[in-house]
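K.L.:
quick check, what structure comes out for this input:
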Amino acid sequence: MPKYRRGRINDEMQKELMRILRTVKDPRVQNAFLSVTAVDCTADLKYAKIYYSALQGDEKEIRLGLKAATGYIRRELAHSLNLRITPELTFLRDSSIAYGAHISSILEKLDISPEEPDAPGQGESHEEISTN
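P.N.:
Numbering: from 1, shown residues only. I've put the predicted structure just below:
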């Protein structure tokens with residue numbers, strides 16, 4: 001299967017998973033404000049890794065809630081996507097958003113003054129070199 005098709009399937013699955021996760025009745029999932037950051041299907045579309053980030057809640061409880069709701073999520077995904085095989089879902093926590101926020105807070109704490117342009121006569125000297 002061409003790689004661009006798999007990319008389109010990953011994007012479509014990500015959109016559908018966001019919609020489906022809002023309908024999950026499990027309070028561990030419902031109250032966590034989950035966001036699907038990426039989907040990575042294997043080439044044969046039998047397995048899919050779902051990367052998610054949670055705004056609040058206990059990580060262990062969220063993971064257990066997602067594991068309990070995997071059957072429902074997979075069934076709803078099969079109804080919404082027209083694929084021969086609905087992939088088995090594996091949920092993995094994506095910490096890149098938290099890491100980015102951490103890096104941003106570090107950068108905000110730095111006190112860097114803007115550089116002033118070099119005045120004439122300062123810094124590097126620019127000499128003309130003539131070639132004969």
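K.L.:
relative to Glu59, how far out is the residue lying closest to Lys67 once chain neighbours are set aside?
P.N.:
Residue nearest to Lys67 in three dimensions, not counting chain neighbours: Phe91, with 7.2 Å by Cβ to Cβ, 6 or more residues apart in numbering. (Each C-beta comes from the backbone N, C-alpha and C, glycine too.) Here the criterion is Cβ to Cβ, to the nearest Å. By it, Phe91 lies 11 Å from Glu59.
K.L.:
partners of the helix or strand where the residue nearest to Lys67 lies in the sheet?
P.N.:
Under the criterion of DSSP states H and E, Phe91 resides in strand 88-93. For strand 88-93, the paired strands and their directions (DSSP bridges) read strand 47-54 (parallel).
K.L.:
as CSV, could you dump the C-alpha coordinates of the partner strand?
P.N.:
The C-alpha trace of strand 47-54 is given here as CSV (Å, rounded to 0.1, in the frame of the first residue of the first chain):
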residue,chain,number,x,y,z
TYR,A,47,-2.7,-2.7,14.4
ALA,A,48,-2.8,1.0,15.3
LYS,A,49,-1.0,3.0,17.9
ILE,A,50,-3.1,5.9,19.2
TYR,A,51,-1.1,8.7,20.9
TYR,A,52,-3.1,10.8,23.3
SER,A,53,-2.6,13.5,25.8
ALA,A,54,-4.8,14.3,28.8
